[in-house]
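Colleague: I need the structure of the sequence given here:
(2 chains)
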Amino acid sequence: AQKITQTQPGMFVQEKEAVTLDCTYDTSDPSYGLFWYKQPSSGEMIFLIYQGSYDQQNATEGRYSLNFQKARKSANLVISASQLGDSAMYFCAMSPGSARQLTFGSGTQLTVLP
Amino acid sequence: GAVVSQHPSWVICKSGTSVKIECRSLDFQATTMFWYRQFPKQSLMLMATSNEGSKATYEQGVEKDKFLINHASLTLSTLTVTSAHPEDSSFYICSARDSRLFTDTQYFGPGTRLTVL
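Modeller: Reported below is the predicted structural model:
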């Protein structure tokens, strides 16, 4: 079975500072994908970043980067230069093997302080 | 990026009525779409996987006769909540897998908030 763990139910960060949201996963599949989504209070799920299990380099998308440590089975999201608009719920997700389905973590509520 | 629309964005209905929710991929074809349910302050719970031209695959515990899913085209999947009751009130959100990508990235619709009175 696959499992995604997000141990931080809530996080606070000062505007313009960087923040790391933790995510660990567990799977027996050698091939898998890791995703981060942002869910503002409006409810929509916004795709942020993807990391493949065989990718050698950490994924980056603008201010978002994924700190992928395969041996530790962690896929932490780093947001640089936080903005007030970054305040939202953040979900880590995994797609193992050929399942095509996403398994989501419990989420982390990020609040950016002015 | 890929765009997925969902309609309606919110609906209020009386107990016993049926409600249909549409999910459309606007700028790509989606052979696979997914339906999720989300309770307040909780994560997404996968209800079913919808494949174009075939029957949906439901997750354990999800009543297929209660939540009817149809995926008749490569850009449209519908979820019908039949004989809705107050316990069906929830946030329903769909996603579509972009078949052009080798990853399993799912793009989500804006969600539908269902309230059953």
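
Colleague: kindly state the beta-bridge partners for A:A75.
Modeller: Under the criterion DSSP bridges, A:A75 forms beta bridges with A:F68.

Colleague: pretty sure it sits against A:Q51.
Modeller: Yes: between A:A75 and A:Q51 there is a contact under C-beta atoms under 8 Å: 6.1 Å. To be clear about C-beta, it is placed using only N, CA and C from the backbone, and glycine gets the same treatment.

Colleague: who does A:Y50 bridge with?
Modeller: A:F35.

Colleague: count of residues packed around it?
Modeller: Applying other C-beta atoms under 10 Å in any protein chain shown, we find 19 residues neighbouring A:Y50.

Colleague: so it versus B:T105, what's the distance?
Modeller: Distance, A:Y50 to B:T105, using C-beta to C-beta, to the nearest Å: 6 Å.

Colleague: follow-up on the earlier one: more neighbours: which of A:A75 and A:Q51?
Modeller: The residue with more neighbours, out of A:A75 and A:Q51, is A:A75; 29 against 24, by other C-beta under 10 Å.

Colleague: list the contacts of the more buried one.
Modeller: For A:A75, the contact set (C-beta atoms under 8 Å, 6 or more residues apart in numbering or on different chains) comprises A:23-25, A:34, A:36, A:51, A:66-69, A:92.

Colleague: report the beta-bridge partners for residue 24.
Modeller: Since no chain was named, I'll use chain A. Beta-bridge partners for A:T24, by DSSP bridges, are A:T5, A:S74.

Colleague: can you look at chain B instead?
Modeller: With DSSP bridges as the rule, B:R24 is bridged to B:S5, B:L76.

Colleague: hmm, it is touching B:L76, no?
Modeller: Yes: B:R24 lies in contact with B:L76 (C-beta under 8 Å); the separation is 5.3 Å.

Colleague: what does chain B have sitting close to chain A?
Modeller: Contacts of chain B with chain A, taken as C-beta under 8 Å from any C-beta of the partner chain, map to B:1, B:32, B:34, B:42-44, B:46, B:49, B:91, B:93, B:95, B:97, B:103-111, B:113.

Colleague: please pick the buried ones from these.
Modeller: Among the residues of chain B next to chain A, those classed as buried by 16 or more other C-beta atoms under 10 Å in any protein chain shown are B:32, B:34, B:43-44, B:46, B:49, B:91, B:93, B:95, B:97, B:104-109, B:111, B:113.

Colleague: now for A:Y50 and B:T105: what residues contact both?
Modeller: The contact lists of A:Y50 and B:T105 share A:33, A:35, where a contact means C-beta under 8 Å, 6+ apart.

Colleague: show only the entries of the residues of chain B next to chain A found in strands.
Modeller: Within those, residues falling in strands by DSSP state E are B:32, B:34, B:44, B:46, B:49, B:91, B:93, B:95, B:97, B:106-108, B:113.

Colleague: what about the residue nearest to A:P40 when sequence neighbours are not counted, how many neighbours?
Modeller: Spatial nearest neighbour of A:P40, excluding adjacent residues (C-beta to C-beta, 6 or more residues apart in numbering or on different chains): A:A88 at 4.5 Å. Look at A:A88: counted by other C-beta under 10 Å, it has 20 neighbours.

Colleague: same deal with A:E61?
Modeller: By other C-beta under 10 Å, the residues close to A:E61 number 12.

Colleague: if we look at stretch A:55-71, which residues are touching it?
Modeller: With C-beta under 8 Å, 6+ apart as the criterion, stretch A:55-71 contacts A:20, A:34, A:36, A:48-51, A:53, A:74-81.
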